[in-house]
Structure formats: C-alpha cells, structure tokens
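Engineer: heads up, no residue letters with this:
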C-alpha cells in the first residue's frame, strides 16, 4: 500500500505555545510513523504582515528547534524553510492566474487579519491562500493535517487543483489532497478567557503556556488560570456556559492522551485546586523537557542550519521536478541552460 504524503507548514512568528504543540506539532510527530512527511517553516507567509527581519531569521530557527525538541526526526521527515525552495513562489504565481478573485474575496482569514482597513492590507495577504495551495500541491500531497481555521484554505486548494486539471485537460495531474482531522482533540483556549483561542498575539503572557516556560512559570500560570466556583463537571453536558472549566479539562485530556470520559471520571465533583495541581505536574513532566531541549538547540545555530540545509536540498529535488512538469503542462518554454 502506497504511503500517504503529508504536508504541513508553520509560520515563524516565534514563541510557540501549548496550543501550537497540541494542535499541530504533537500530531506531526505521530504522523511520522508509516507516512511520507514534509514539514515546512512558511517564512514567505510570515512577510505578508508587518514584521522585523532579524526576528524572522531567529524565529525560523526556533521553529526548527521546536520541531526537533518535540520529536520530529530530520531523517524520517523533510524539514525545510519555504523561501529556500523557489518553486513555491513560482508555482504560486501560476496558481494566481488559475484562481479567481471571487474565491479570494470569500476567504474569512483575510478579513480577520486585514481588519476594518482592508485597503491598507498587502496584496500578499490577499493572495496568501494561493501560496498555501502551491505549498501543498507542489509535493503531490495526499493528506494535510488541518484545524478548524484551516479547513476553508484546504477546500480552496482542492478547488484550485481541480480547476488547473480541468483548464489544462490533465486529469489527476495535481493531486487533490484530503484533510487529516485529529481525533480526540479539542481546541486549546486562553487561560484568561475560555472563549478565546490560546494565541501568541494575546497581550497577556498569562493567557498561554509557552513551550519554553520553566516549571515555576507553568505552575504560576495554571494556579492563576481562570475558573469558576462550582465543582468540576462529571459529564460533558455540564460544560454549558463554563468555558474555562471545559478548557482546563480539555488541556489535561489532550496532554495526557486519556479519553474525556476517563478524565471526567477522575476529576468530576472535585475542586479546581485539585485539577490544577495535577495539570501542573503533567505539564511539567511533558512540556518542560521540550522547552529545555529548544533552549539547548537554539545555542547551536550551526546545527539547526545544517538540518535546514539538508531538508532544503531534499525539498528542492521534489519541488523542481514537479515544477518542470507543471511548466510543460501549461506551455512554458523551459530551456535547460
């Protein structure tokens, strides 16, 4: 049976947190077993909004350090940065010419990121989805791990691929990727507001557990995490209007790998102080070693760059081979100098 080819990208915006780990990176590690995995630091996506060049360089290395610290193996998976494979940008332009403005106008993430003043947003942010489609389609990706906020982009990628195949009468030339939805995973929310997603852009650092937080900081953040005065629910139906209670239970369940049913059985009816103590112990056991390894790896930038170099070479071979075939399909004269 042919292996699945899995592709996913992470923006180098720095300071990865528990939500990033549980929502993406932990799953990346699990997918290494039995699949052909390609994981990309999407630095070209990162420049669609205002940024600092030096921070971008450091953040790119931090993502690779985080990948490795969490358990990704650069011998099993291809780890690379997007800008080092020029085929991504070239193919994105071709897909810009295939895609339709109406499709871009319907993308909700552009509206969220651009805010009320859309006229001042970059063109790059507007066509961000076609670059994402190029990232995926360039590698004949069969499966893409997606969360709720990425489903629309993957659906667009599938539409673009289908239109390309139809426009150039090349059925099945671009592989139509399927979504990989994590089972038994709940979105990780802010420690200060259970209705908001845990985010690195949140002003208060108390709202999130960063992967590089030490044990004392983790303990302090969990202790101060917002809860309510009622006992912990014993079943899922009791979570209505108790977003913070649900969030702490979901974090425990996701980190421990236990079922929600078993977690509620263990903690139902107890006070939140008991859950917070157990959750703190669990996070220190599971997350602190990752944070220590990230810090250690960041001290050896030469090694991190060597990992990127190796991954960039492998990615370029696959991407350039596909791009040459794409040029041939669309009628571009490709003369080998």
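Structural biologist: Good, I have the coordinates. In this text, all values refer to a predicted model and were calculated from it rather than measured experimentally.
Engineer: my guess is residue 141 meets residue 9, correct?
Structural biologist: No: at 10.9 Å, residue 141 does not count as touching residue 9 under the criterion of C-beta atoms under 8 Å. Quick note: C-beta positions are derived from backbone N, CA and C, even for glycine.
Engineer: Can you give me the buried ones in stretch 148-167?
Structural biologist: Across stretch 148-167, burial judged by 16 or more other C-beta atoms under 10 Å covers 150, 153, 154, 156, 157, 158, 159, 160, 161, 163, 164, 165.
Engineer: As TSV, these with secondary structure would be great.
Structural biologist: TSV is the format used below for those (DSSP: H, G, I helix; E, B strand; the rest coil):
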residue	secondary structure
150	helix
153	helix
154	helix
156	helix
157	helix
158	helix
159	helix
160	helix
161	helix
163	helix
164	helix
165	helix
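Engineer: joint contacts of residue 141 and residue 9?
Structural biologist: Common neighbours of residue 141 and residue 9 are not found (criterion: C-beta atoms under 8 Å, 6 or more residues apart in numbering).
Engineer: chain center to the helix or strand bottoming out on mean pLDDT in the chain, what's the gap?
Structural biologist: Every helix and strand of the chain was ranked by mean pLDDT, DSSP states H and E. The lowest is helix 108-114, at a mean of 75. Relative to the centre of its chain, helix 108-114 is centred 17 Å away, using C-alpha atoms, centre = their mean, to the nearest Å.
Engineer: ok, now stretch 95-109?
Structural biologist: Worked out by C-alpha atoms, centre = their mean, stretch 95-109 lies 22 Å from the chain centre.
Engineer: what's the first-to-last distance across that stretch?
Structural biologist: One end of stretch 95-109 sits 19 Å from the other (C-alpha to C-alpha, to the nearest Å).
Engineer: Can you mark which positions in it are buried?
Structural biologist: Within stretch 95-109, the residues that count as buried by 16+ other C-beta under 10 Å are 95, 96, 98, 99, 104, 107.
Engineer: can you list the domain ranges for the protein.
Structural biologist: 5-185+302-330, 205-291 (automatic domain parsing).
Engineer: How is residue 20 assigned, secondary-structure-wise?
Structural biologist: helix.
Engineer: my read: it touches residue 10, true?
Structural biologist: Yes: between residue 20 and residue 10 there is a contact under C-beta under 8 Å: 7.5 Å.
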